[in-house]
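# Next input, structure requested:
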Amino acid sequence: MNKSYYSILVSQATTNLGFALYTMSVTLFLFNVTESTAITSLITFVSIIARMFGSATLPIFSNKIKFRTLLITSQIVQLLFLAFLLFVYSRSYSSILLFYSFVIIGVVSFFNGWFSPLKSTIIKSIVSKDKRVQANSLLSTVDQTFQFVAWAFGGLLLAFLGKSITLEITLCLIVISLISFLSLRTHDNSKEKINKDSLLKSLTNGWSYLFKNPKLRVLIIMDLIESWAGMIWIAAISLAFVKEALHKGEPWWGYINGAYYLGTMIGGFIIYRLSKKLQGNLLFFMFLGATLYGALTFIYGFISNPIIALIAVVFMGPAYIL
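Numbers count the residues shown, from 1 in each chain. Presented below is the predicted three-dimensional model:
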């Protein structure tokens, strides 16, 4: 692997680590000032919509601007708005503060939506075809590991250092990511193609194919439903559950989220080892995984013992990966 690849590796690790800490920080902040699970849950909704819109509109900018420049611009804008969020933290609660918070969340998520498609395209230009599986596998492993670390220990950081210092750590991580991008060297955009159709066409191409393929449509609908259901693990619902049902504080919120990612890591390893046995009956095992995941989530909702809740969340991991 070359230097540019490791620049992306470091950038992805620090960006995702910082984004997880930022999400926990802003969720706890809004939950404390509004005391509303419903309002705080909008964080995830706004983030997902803004990230989708960011990814969809990327081709407009990639027509005229080099990918490296887009990545650097994305990081700088996120850095500036996160710094503004730090200022918002120091103000007294008001309706305008709530509005500013969601504007910041939307802007940060919009530019965060650029990262994945730009990263995937640049990987194709800097890594030879025979090494791409290895390169993407390493990126995925590092991503899952840092997600686990962030969610497991983010609650501890918030409990002992507070939301402001945790956000300052996020700013430092974004700076490290930005420095990594500055050492990134890519070819011209002519060799790095993202779909450069019009915005309308880029939005409709995938959906038109989706409606022509009924089997793919079913799988995508399943995936979308599971993704929306999975939002509870990073939204205020999980925080409220930990506080009101498990009677624990922010550290346990982090443990629960960390256990979920640990479970997915363990599940990924198990599924990888059993892949040949599963290959012959994929639909059955998909159905089994979805059923187990749903059952464990249902049982989790009735648990009041934090240790049992932690164990249940770990077991959800293999079911979800399956």
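# Tell me the pLDDT of the closest residue to V88 other than its chain neighbours.
Spatial nearest neighbour of V88, chain neighbours left out: Y100 (5.5 Å); criterion: CB to CB, 6 or more residues apart in numbering. C-beta: built from backbone N, CA, C; applies to glycine. As predicted, Y100 sits at a pLDDT of 90.
# hmm, what's the outermost residue in this protein?
Distance to the chain centre peaks in the chain at G280, reaching 31.4 Å (criterion: CA atoms, centre = their mean).
# how near is that one to V26?
45 Å (CB to CB, to the nearest Å).
# before we move on, what about Y293?
Y293 is 27 Å from V26, by CB to CB.
# Pick out whichever of the two has more residues nearby.
Neighbours were counted for Y293 and for V26 using other CB atoms under 10 Å; V26 has more, 26 against 21.
# Around G154, count how many other residues there are.
Neighbours around G154, by other CB under 10 Å: 27.
# Test my guess that it contacts G254.
Yes. G154 sits in contact with G254 when judged by CB atoms under 8 Å, with a separation of 4.9 Å.
# before we move on, back to that, name the SS class of the residue farthest from the centre of the chain, please.
What DSSP: H, G, I helix; E, B strand; the rest coil gives for G280 is helix.
# Please apply the same query to K64.
With three-state DSSP as the criterion, K64 reads coil.
# Domains in the protein, by residue range?
Per automatic domain parsing, the domain ranges recorded for the chain read 1-196, 234-322.
# which stretches of the stretch 101-250 of the chain aren't confidently modelled?
132-134, 137, 184-211, 227, 230-235 (pLDDT under 70).
# Repeat the analysis, applying 90 as the threshold.
Applying pLDDT under 90 to the stretch 101-250 of the chain flags residues 112-167, 174, 177-244, 248-250.
# Now do the helices in it.
Assigned by DSSP state H, counting those that start in this stretch, the stretch 101-250 of the chain shows helices spanning 115-126, 132-161, 163-182, 199-212, 214-230, 236-244, 250-273.
# Show me which parts of the second one are buried, residue by residue.
If you call a residue buried by 16 or more other CB atoms under 10 Å, then helix 132-161 has these buried ones: 135, 139, 143-144, 146-148, 150-159.
# Mutual contacts of G154 and G254, please.
M24 (CB atoms under 8 Å, 6 or more residues apart in numbering).
# which strands and helices sit next to the longest helix along the chain?
Assignment by DSSP state H gives helix 3-34 as the longest helix of the chain. Using 3 or more CB pairs under 8 Å, 6 or more residues apart in numbering; DSSP states H and E as the contact test, the elements touching helix 3-34 are helix 37-62, helix 67-89, helix 95-112, helix 115-126, helix 132-161, helix 163-182, helix 236-244, helix 250-273.
# Tell me which of those lies nearest to R217.
helix 37-62 (18.3 Å; CB to CB).
# which helices and strands sit right next to the closest one?
So helix 37-62, by 3+ CB pairs under 8 Å, 6+ apart, packs with helix 3-34, helix 67-89, helix 95-112, helix 115-126, helix 199-212, helix 236-244.
# what is the rounded mean pLDDT of that helix?
82.
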